[in-house]
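In: prediction below, plus the sequence it came from.
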Amino acid sequence: MGILEKISEIEKEIARTQKNKGPEPQVGVLKAKLAKYRAQLLEPSKSASSKGEGFDVMKSGDARVALIGFPSVGKSTFLSLMTSTASEAASYEFTTLTCIPGVIEYKGANIQLLDLPGIIEGAAQGKGRGRQVIAVARTADVVIMMLDATKGEVQRSLLEKELESVGIRLNKHKPNIYFKPKKGGGISFNSTVTLTQCSEKLVQLILHEYKIFNAEVLFREDCSPDEFIDVIVGNRVYMPCLYVYNKIDQISMEEVDRLARKPNSVVISCGMKLNLDYLLEMLWEYLALTCIYTKKRGQRPDFTDAIILRKGASVEHVCHRIHRSLASQFKYALVWGTSTKYSPQRVGLTHTMEHEDVIQIVKK
Ligand SMILES: Nc1nc2c(ncn2[C@@H]2O[C@H](COP(=O)(O)OP(=O)(O)OP(=O)(O)O)[C@@H](O)[C@H]2O)c(=O)[nH]1
Ligand SMILES: [K+]
Ligand SMILES: [Mg+2]
């Protein structure tokens, strides 16, 4: 049996088991098996045709946003509107065949926007350019899932399933489970909260499915078996995703209103340039970039020119951004803002900066 057949067999079995309201452990084990086969599916195949020609675009700017969606939803139209790059748009499907980068300049940041070929059901299994597209999506800081507002909800759930199946978790945080494989001692299981979806027995069964017989497991959250499997498998990507419904010029006001109220969703029309400013605001929020202002001794901070960094950036990152050799001449820094207890506070290179902090660097 091929992997695809095995996967479909297991999916059927899970559906059957869940219908019977059978004991949870069985489903957990099946899901563990499923995750394993899907991982095999993702391993790069050796044939040359699966090479991602035209997809290896250099990362540049302060953040990367990937445009994912079915063919002809308006991805290229959007890129051409928001950036100075022109990407061919047309009424036929699969107009775009490679990855086309553009840059959105917003609040002093350069946001790399990637236009990609349309993807369809089965993309994760290599249909069309699905695999290459998904590989690019994994490298993004935020995914924009562009949807055709005239097509209802089908596109969204199909694409979510595709991304889910390759380990991309949209708008979810990493499960709060401590997991450490050990050399011996069996499985030690603990939890700090009441668990309603997993039990010690189920955790053991799932671990055995992965041939893990010695490990330390601590649930700090009421996680599902799927979330526990994600922790064991380990290569999951937790990605913010904005659902963008395009072509609202084609639907009724009632329908626009309904879509706009969905979580993580924005409604737009590229054709009529509707709501694009709001989309940018939302995108900025989802990117959650950290803006740092610098200040020279005895002077006011320069609020016109922010240093833009990813969340969690340290003083050292700030130094590198100012000058290559600054970190090596660094003595200490004074920081004003929410990352410190006192303002200013003297900090070292490893101090984590927060949005809108002000920093003054003192050299040796
Ligand atoms: N009515 C309407 N049509 C739009 C809108 N945005 C894009 N289109 C049209 O939709 C068609 C497809 O647009 P593209 O930008 O090529 O779509 P795409 O998602 O890049 O398509 P592929 O590259 O083939 O995957 C074009 O004919 C556009 O003019 C919109 O807001 N309203
Ligand atoms: K198109
Ligand atoms: Mg296109």
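Out: Structure received. Ligands and ions are numbered 1, 2, ... in the order given.
In: what residues does this protein have near ligand 3?
Out: Lys75, Ser76, Thr95, Thr96 (CB under 5 Å from the ion). C-betas here are computed from N, CA, C, even on glycine.
In: farthest pair in those residues?
Out: Farthest-apart pair in the residues of the chain next to ligand 3 is Lys75 and Thr95; separation 9.3 Å (CB to CB).
In: which of these two has more residues huddled nearby?
Out: Lys75 (30 against 17; other CB atoms under 10 Å).
In: which residue sits closest to the more buried one, ignoring its sequence neighbours?
Out: Sequence neighbours aside, Leu67 is the residue nearest to Lys75 in space, at 4.4 Å (criterion: CB to CB, 6 or more residues apart in numbering).
In: let me know the secondary structure of the one you found.
Out: strand (DSSP: H, G, I helix; E, B strand; the rest coil).
In: just the C-alpha atoms of the least confident helix or strand in the chain by mean pLDDT, please, in PDB.
Out: Within the chain, confidence by mean pLDDT, DSSP states H and E is lowest for helix 24-42 among all helices and strands, at a mean of 77. Once non-C-alpha atoms are left out, helix 24-42 reads as follows in PDB (Å, rounded to 0.1, in the frame of the first residue of the first chain):
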ATOM      1  CA  GLU A  24     -10.500   8.000  23.200                       C
ATOM      2  CA  PRO A  25      -7.200   6.100  23.300                       C
ATOM      3  CA  GLN A  26      -7.800   4.300  20.000                       C
ATOM      4  CA  VAL A  27      -8.400   7.600  18.100                       C
ATOM      5  CA  GLY A  28      -5.300   9.000  19.700                       C
ATOM      6  CA  VAL A  29      -3.200   6.100  18.400                       C
ATOM      7  CA  LEU A  30      -4.700   6.400  15.000                       C
ATOM      8  CA  LYS A  31      -3.900  10.100  14.900                       C
ATOM      9  CA  ALA A  32      -0.300   9.400  15.900                       C
ATOM     10  CA  LYS A  33       0.000   7.000  13.000                       C
ATOM     11  CA  LEU A  34      -1.600   9.500  10.600                       C
ATOM     12  CA  ALA A  35       0.900  12.200  11.700                       C
ATOM     13  CA  LYS A  36       3.800   9.800  11.000                       C
ATOM     14  CA  TYR A  37       2.600   9.000   7.400                       C
ATOM     15  CA  ARG A  38       2.100  12.700   6.700                       C
ATOM     16  CA  ALA A  39       5.600  13.400   7.800                       C
ATOM     17  CA  GLN A  40       6.900  10.800   5.400                       C
ATOM     18  CA  LEU A  41       4.900  12.400   2.600                       C
ATOM     19  CA  LEU A  42       6.600  15.700   3.200                       C
END
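In: other SSEs contacting that helix?
Out: When contacts are defined as 3 or more CB pairs under 8 Å, 6 or more residues apart in numbering; DSSP states H and E, helix 24-42 sits against helix 3-19, helix 200-209, helix 225-233.
In: closest to ligand 2 out of those helices?
Out: helix 3-19 (28.5 Å; CB to the ion).
In: in the closest one, which residues are buried?
Out: Lys6, Ile7, Ile10, Ile14, Thr17 (16 or more other CB atoms under 10 Å).
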